[in-house]
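> model the following, please.
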Amino acid sequence: MDIALYLLATLLIIGGVVGNIVPALPGIPMIFGGIWLAAAVDQYRHVGVVWLVVIGALAAMGIIVDFVSATLGAKRVGASPRALTGAGLGTLVGMFLGIPGLLLGPFVGALIGELASGTSVLRSAHVGAATWLGLLCGVLVKLVLSFMMIGLFAFAWLVD
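From the prediction side, this is the model:
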């Protein structure tokens with residue numbers, strides 16, 4: 001039974017890394033779940049509570065980055081408050097609309113928000129593109145945090 005659970009933990013971690021790139025999967029939570037499962041199967045001998053709290057803090061940062069990255073991209077180019085709200089709402093609504101919603105939601109939200117503040121279509125498109133760049137940067141940060149989580153898990157497992 002332990003082998004099956006370790007295999008499941010490994011699949012969760014691998015799926016989580018893929019999930020950081022493919023927006024349909026919750027990458028960071030899957031990685032943390034796999035790490036926690038492996039630690040629990042081992043009865044927390046190698047990876048204890050302190051390690052799980054540190055890894056969990058990294059996971060929380062990754063989730064926050066996921067929600068905030070699009071908004072920060074729009075803010076970077078001086079988007080209006082309505083565009084920032086639109087990017088945040090577009091991200092939230094996009095989560096329920098599958099991959100197209102996750103990819104287009106923040107862009108469309110920022111675009112509509114910027115248009116609602118009375119700016120030109122070109123400026124609104126510029127804000128939307130900056131939102132996408134924010135998402136891309138967010139994916140890169142999530143990948144770094146994911147590999148840090150996996151690295152800390154491996155270090156804790158091997159040191160003890």
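
> quick check: mean pLDDT of whichever helix or strand residue 141 is part of?
When secondary structure is defined by DSSP states H and E, residue 141 falls within helix 121-159. Here helix 121-159 scores 90 as its mean pLDDT.

> and it, what does it pack onto?
helix 2-19, helix 27-41, helix 49-76, helix 81-94, helix 98-116 (3 or more C-beta pairs under 8 Å, 6 or more residues apart in numbering; DSSP states H and E). Glycine gets a C-beta too; all of them are placed from N, C-alpha and C.

> give me the below-cutoff pLDDT ranges for this protein.
Under the criterion pLDDT under 70, the flagged ranges of the chain are 23-24.

> check contacts around the residue nearest to the spatial centre of the chain.
Central residue of the chain (C-alpha atoms, centre = their mean): residue 66, 3.6 Å from the mean position. If you count contacts by C-beta atoms under 8 Å, 6 or more residues apart in numbering, residue 66 has them with 28, 138, 142.

> nearest to residue 156, of the helices and strands packed on helix 121-159?
Set against residue 156 and scored by C-beta to C-beta, the helices and strands packed on helix 121-159 come closest in helix 49-76, at 4.3 Å.

> in the closest one, what counts as buried?
51-52, 55, 58-59, 61-63, 65-66, 68-75 (16 or more other C-beta atoms under 10 Å).

> so what's the gap between it and the chain middle?
7 Å (C-alpha atoms, centre = their mean, to the nearest Å).

> measure residue 5 to residue 38 for me?
Note on residue 5: its distance to residue 38, by C-beta to C-beta, to the nearest Å, is 8 Å.
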